[in-house]
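**Student:** Based on what follows, work out the 3D shape:
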Amino acid sequence: MSTTPSVADQVAATQPSRTRTAQLSHISGFWSVAVAFLTLMAFGTVPTPLWPLYQARDHFGATTVTVAFAVMVVGAAASFLALGHLSDRMGRRRIIAPALVVGIVAAVVLAASPSLTGLIIGRLLTGVAVGLMAATSTAYLSDLYRQAHPDRPASPTPALVASVANLGGLALGPVVAGALTQWVRGPLSTSYLVFAVAMTVLLFLVLLSPETVDRTMRTQDRPDRFRLRAGQRVAFGTAGVIGFFAFAVMGLFSSLGAILVRGQLGITSQFVVGLALFASFGSSAVTQIALGRLSQRPLLVTGTVMFPVGLALTAVSLYHPALSLFFVAAILAGGGAGLLFKGAVTQTAIAAEPASRAGVLAVFFVIAYLGMGLPSIAFSVIIRHVPLAPTMIGFAIALSVGAAAAVITTIRADGRRPGRANS
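**Tutor:** Predicted coordinates:
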């Protein structure tokens, strides 16, 4: 293994002492970035319990709701592809701060202009913010933690915190929005304004966090936009497929979950609707915390088992409507998706050259966010012509088989890799 210090390890020596004294410590920066990541991801799912309110006010159907949701995915994918790699060259903080600024602007647009046009523009800006944040913060957390704890180079903590912040944020958005909608006036504006204030506070904390990328490198020494370690193409490819199918479940619950709970189960309380969706995303985060220290192979196998069971129970809950059954289904499906997602993120980080980590993670997130958008759009179009329950069964089978095939390919490729320990 090379003993040459990484770019992140060398940056402390390049920072002027007067700048360091005005900054947070690396570990304080680590937690500030983690909370900022969680908050922006939560902001991305704020509209989830609000979709029935938009639907009732503007009289549009499930397909329009899904398209409005998917606009965020378009913005995120474009942002990942065009900008996701820039932090490897410009610095992590210089990308995360604009992500929060764009998120604040999106919140103001959504709060001030609750029309369909305002919703589309706000969701597009949200996607751009998420695209800037997700890959960069995942790499930034890794850099900050390793500089704070140089004696723990192989610690799983950064990847675990990044995954929990990502999926935990997706869980937090619906329950906060549901509570505010239930008990506070202005349901289509209050939630956005609350998150705008939170992101403003976090912006200042991020600006005080230490930079971990040396921006003084000569142009010819700068890292490639996308570079994998030798022999890691299959690992990266299967990680992308796993992320695609894991996020497809998140997309279904985010775009149509509230409509399913309200329409199929007859639940009218916005807080309960948000809580039902929190069950799926929250279980993703909790399961990662509880089982996140499993090695890679048992982690993926456990997720592969939970994933189809949860999806099957979701289909059953449509034939036998019961909120308790939907909760159990959401918890199992979300927990399985969370474990698969964590395994995929870890696999992607390992496959990337350290200096190109943000760029590689950006491509991974493009694939994952396409999974969040495309299957949900297809689902909403199909249910216009085919009954909901059979469509859900087909959806569950397709996602389960796809995820299982990707995991089996990963395990087989890992077993053939020379010198690779059981993981």
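**Student:** For the stretch 301-423 of the chain, just list every one of the helices.
**Tutor:** Secondary structure of the stretch 301-423 of the chain by DSSP state H, counting those that start in this stretch: the helices cover 323-351, 357-382, 388-416.
**Student:** and the last one, what does it pack onto?
**Tutor:** By that I understand helix 388-416. For helix 388-416, the packing partners by 3 or more Cβ pairs under 8 Å, 6 or more residues apart in numbering; DSSP states H and E come out as helix 233-264, helix 296-319, helix 323-351, helix 357-382. Where you see a C-beta, it was placed from the backbone N, CA and C, and this is true even at glycine.
**Student:** what's the closest of those helices to V73?
**Tutor:** Set against V73 and scored by Cβ to Cβ, the helices and strands packed on helix 388-416 come closest in helix 357-382, at 3.3 Å.
**Student:** mind checking how far the closest one is from the chain centre?
**Tutor:** Centroid separation for helix 357-382 versus its chain: 10 Å, with Cα atoms, centre = their mean, to the nearest Å.
**Student:** Equivalent analysis for stretch 296-307, please.
**Tutor:** Per Cα atoms, centre = their mean, the centroid offset for stretch 296-307 relative to its chain is 19 Å.
**Student:** now do stretch 106-114
**Tutor:** 22 Å.
**Student:** Return the set of buried residues in that stretch.
**Tutor:** A106, A107, V108, V109, L110, A111, P114 (16 or more other Cβ atoms under 10 Å).
**Student:** Then stretch 308-327?
**Tutor:** 308-318, 321, 325-327.
**Student:** Most widely separated two among those?
**Tutor:** It's P308 and P321 that sit farthest apart of those, by Cβ to Cβ, at 21.1 Å.
**Student:** Skipping adjacent residues, who's closest to S380 in space?
**Tutor:** Excluding the flanking residues, the one nearest S380 by Cβ to Cβ, 6 or more residues apart in numbering is T66, at 4.0 Å.
**Student:** What is the least confident helix or strand in the protein?
**Tutor:** helix 17-20 (a mean of 41; mean pLDDT, DSSP states H and E).
**Student:** Where does pLDDT dip in the protein?
**Tutor:** 1-22, 62, 215-225, 255-256, 258-259, 415-423 (pLDDT under 70).
**Student:** So the residue nearest to the spatial centre of it versus A99, what's the distance?
**Tutor:** When Cα atoms, centre = their mean is applied to the chain, the residue found nearest the centroid is N166 (4.2 Å). For N166, the distance to A99 (Cβ to Cβ, to the nearest Å) stands at 13 Å.
**Student:** Next, count neighbours for R185.
**Tutor:** 8 (other Cβ atoms under 10 Å).
**Student:** burial of F278, as a residue count?
**Tutor:** 26.
**Student:** what helix or strand does it sit in?
**Tutor:** F278 is part of helix 270-291 when elements are defined by DSSP states H and E.
**Student:** Okay, buried residues for stretch 383-399 please.
**Tutor:** Buried residues in stretch 383-399 (16+ other Cβ under 10 Å): I383, L388, T391, M392, I393, F395, A396, L399.
**Student:** re earlier: and the buried residues of stretch 106-114, which two are furthest apart?
**Tutor:** Counting by Cβ to Cβ, the most remote pair of the buried residues of stretch 106-114 is A106 and P114, 13.3 Å apart.
**Student:** Output the helices of the stretch 301-423 of the chain in JSON lines; the columns should cover distance to A154.
**Tutor:** What follows is the helices of the stretch 301-423 of the chain, written out as JSON lines (distance: least, Cβ to Cβ, whole Å):
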{"stretch": "helix 323-351", "distance to A154": "11"}
{"stretch": "helix 357-382", "distance to A154": "15"}
{"stretch": "helix 388-416", "distance to A154": "17"}
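**Student:** Quick one, which of those helices gets closest to R57.
**Tutor:** helix 357-382 (18.9 Å).
**Student:** For that closest one, which helices and strands make contact with it?
**Tutor:** helix 62-83, helix 87-90, helix 116-148, helix 233-264, helix 323-351, helix 388-416.
**Student:** what do you get if the cut-off is 10 Å, keeping everything else the same?
**Tutor:** helix 62-83, helix 87-90, helix 116-148, helix 157-183, helix 233-264, helix 323-351, helix 388-416 (3 or more Cβ pairs under 10 Å, 6 or more residues apart in numbering; DSSP states H and E).
**Student:** Compile these into JSON lines and extend it with columns for distance to V272.
**Tutor:** Shown next, in JSON lines, are the helices and strands packed on helix 357-382 (distance: least, Cβ to Cβ, whole Å):
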{"stretch": "helix 62-83", "distance to V272": "19"}
{"stretch": "helix 87-90", "distance to V272": "40"}
{"stretch": "helix 116-148", "distance to V272": "23"}
{"stretch": "helix 157-183", "distance to V272": "7"}
{"stretch": "helix 233-264", "distance to V272": "8"}
{"stretch": "helix 323-351", "distance to V272": "8"}
{"stretch": "helix 388-416", "distance to V272": "20"}
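**Student:** So for T45, which of those sits nearest?
**Tutor:** T45 lies closest to helix 157-183 among these, at 3.3 Å (Cβ to Cβ).
**Student:** got the angle between the closest one and helix 323-351?
**Tutor:** 150 degrees (axes from the mean of the first three to the mean of the last three Cα atoms, to 10 degrees).
**Student:** Now do helix 157-183: distance to the chain's middle.
**Tutor:** 10 Å.
**Student:** Stretch 317-336 too?
**Tutor:** Remark: stretch 317-336 is offset 22 Å from the chain centroid, using Cα atoms, centre = their mean.
**Student:** cool, stretch 260-267 as well?
**Tutor:** 26 Å.
**Student:** Go through it and flag the buried ones.
**Tutor:** L260, V261, R262, L265, I267.
**Student:** what does stretch 116-123 give?
**Tutor:** L119, I121, G122, R123.
**Student:** Likewise for stretch 333-347?
**Tutor:** Quick answer for stretch 333-347 (16+ other Cβ under 10 Å): 333-347.
**Student:** for it, the distance to its chain's centre please.
**Tutor:** Counting by Cα atoms, centre = their mean, stretch 333-347 comes out at 11 Å from the chain centroid.
**Student:** Perfect, I'm done here.
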